[in-house]
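S.K.: Have a look; sequence and predicted model below, questions after that.
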Amino acid sequence: MKTADDTIPGADPRIDFFNKLADEWDVSGQNREKMLEGLERRAGLLGLRSGESVLEIGCGTGQLTGWLAERVRPGRVVAIDFSPEMLRVAQSKNIPATFRLADVCRDDLGHAEFDLALCFHSFPHFRDQPAALQNLSRCLKPGGRLIVMHLNSRHEINSFHHGVGGSVAHDFLPDDHCWKDWLDAAGFRQREVSDGEDGFFLRAVVD
């Protein structure tokens, strides 16, 4: 599976970055057990309900996808990523979800289709963050919610990516001013943002 961005000159270099990490991600990348422990402690923030339709953006190797599917059953989870290799690993796990190769910044994610769009540990890697928010607004049902969540603070996330360097060196969580302007433009309201030792959390509701 490939997108046009994999082959054209000037393609998003993050795709190749994550493709190369895919086979070792579950071993030496993100610690799934620690991640799920953190999510369990904060599960109330997500407000997941049985029967909901969830879009998981930046699903990677599917470490979170099965956890989501269990909590919204008999609802559904559509999990997307722009890395074909990350998706290949995720699909090999037989998780009860739909996996789709997609770029949140430009591809059609559906119209008024989802109750929740979840960006867990992924938003900094969107190369055009305002465009991604516009796209996510379109795919949510009226009253649908966007959640951007990290288990570390904004400062820690931004510093970590700077330290990694390369194609993710400038991948960041926006400041409060950018969030306000971009969410307003995308039609989100009822915003809630927290940032500190317990991590970064943003929830916004689409008009």
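M.R.: Received the coordinates, thanks.
S.K.: Check which element follows the host helix or strand of residue 85 along the chain.
M.R.: Assignment of secondary structure by DSSP states H and E places residue 85 within helix 84-91. The element immediately downstream of helix 84-91 (helix or strand, assigned by DSSP H and E) is strand 98-101.
S.K.: what's the offset of that following strand from the middle of its chain?
M.R.: 13 Å (Cα atoms, centre = their mean, to the nearest Å).
S.K.: Listing partners with orientation, what would you give for it?
M.R.: Strand pairing for strand 98-101, using DSSP bridges, gives strand 76-81 (parallel).
S.K.: Restrict the partner strand to CA atoms and write it as PDB.
M.R.: Provided in PDB are the C-alpha atoms of strand 76-81 (Å, rounded to 0.1, in the frame of the first residue of the first chain):
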ATOM      1  CA  ARG A  76     -16.600   0.700  15.400                       C
ATOM      2  CA  VAL A  77     -13.100   2.000  15.100                       C
ATOM      3  CA  VAL A  78     -11.500   3.200  11.900                       C
ATOM      4  CA  ALA A  79      -7.800   3.500  12.400                       C
ATOM      5  CA  ILE A  80      -5.700   5.500   9.900                       C
ATOM      6  CA  ASP A  81      -2.000   6.200   9.400                       C
END
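S.K.: low pLDDT regions in the chain?
M.R.: In the prediction, the chain carries residues with pLDDT under 70 at positions 1-10.
S.K.: Can you classify the spatially most central residue of it by secondary structure?
M.R.: Taking Cα atoms, centre = their mean, the centroid of the chain lies closest to residue 119, which sits 2.6 Å from it. Taken by DSSP: H, G, I helix; E, B strand; the rest coil, the conformation at residue 119 corresponds to strand.
S.K.: quick one: the helices in the protein?
M.R.: For the chain, the helices defined by DSSP state H occupy 13-21, 25-28, 32-41, 43-46, 65-72, 84-91, 129-139, 154-164, 176-186.
S.K.: The first one: which residues count as buried?
M.R.: Okay, so that is helix 13-21. When burial is assessed from 16 or more other Cβ atoms under 10 Å, helix 13-21 yields the following buried residues: 14, 15, 17, 18, 19, 21. Using the backbone N, CA and C atoms, a C-beta is placed for each residue, glycine as well.
S.K.: Likewise for stretch 131-139?
M.R.: Counting neighbours by 16+ other Cβ under 10 Å, one finds that the buried residues in stretch 131-139 are 131, 132, 133, 135, 136, 137, 138, 139.
S.K.: Neighbours of residue 114, how many?
M.R.: 24 (other Cβ atoms under 10 Å).
S.K.: next one: residue 182
M.R.: Here the number of neighbours of residue 182 (other Cβ under 10 Å) works out to 17.
S.K.: From residue 136, how far off is it?
M.R.: Separation of residue 182 from residue 136 (Cβ to Cβ, to the nearest Å): 11 Å.
S.K.: biggest strand in the protein, by residue count?
M.R.: Determined from DSSP state E, the single longest strand within the chain is strand 140-150.
S.K.: Mind exporting the C-alpha coordinates of that strand to PDB?
M.R.: This file holds the C-alpha atoms of strand 140-150, laid out as PDB (Å, rounded to 0.1, in the frame of the first residue of the first chain):
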ATOM      1  CA  LEU A 140     -17.400  14.500  12.800                       C
ATOM      2  CA  LYS A 141     -21.100  14.300  13.400                       C
ATOM      3  CA  PRO A 142     -22.700  17.500  14.800                       C
ATOM      4  CA  GLY A 143     -21.700  17.600  18.400                       C
ATOM      5  CA  GLY A 144     -18.900  15.100  17.700                       C
ATOM      6  CA  ARG A 145     -15.700  15.600  19.700                       C
ATOM      7  CA  LEU A 146     -12.000  15.900  18.900                       C
ATOM      8  CA  ILE A 147      -9.500  14.700  21.500                       C
ATOM      9  CA  VAL A 148      -5.800  15.400  21.300                       C
ATOM     10  CA  MET A 149      -4.000  13.500  24.000                       C
ATOM     11  CA  HIS A 150      -0.400  12.900  25.200                       C
END
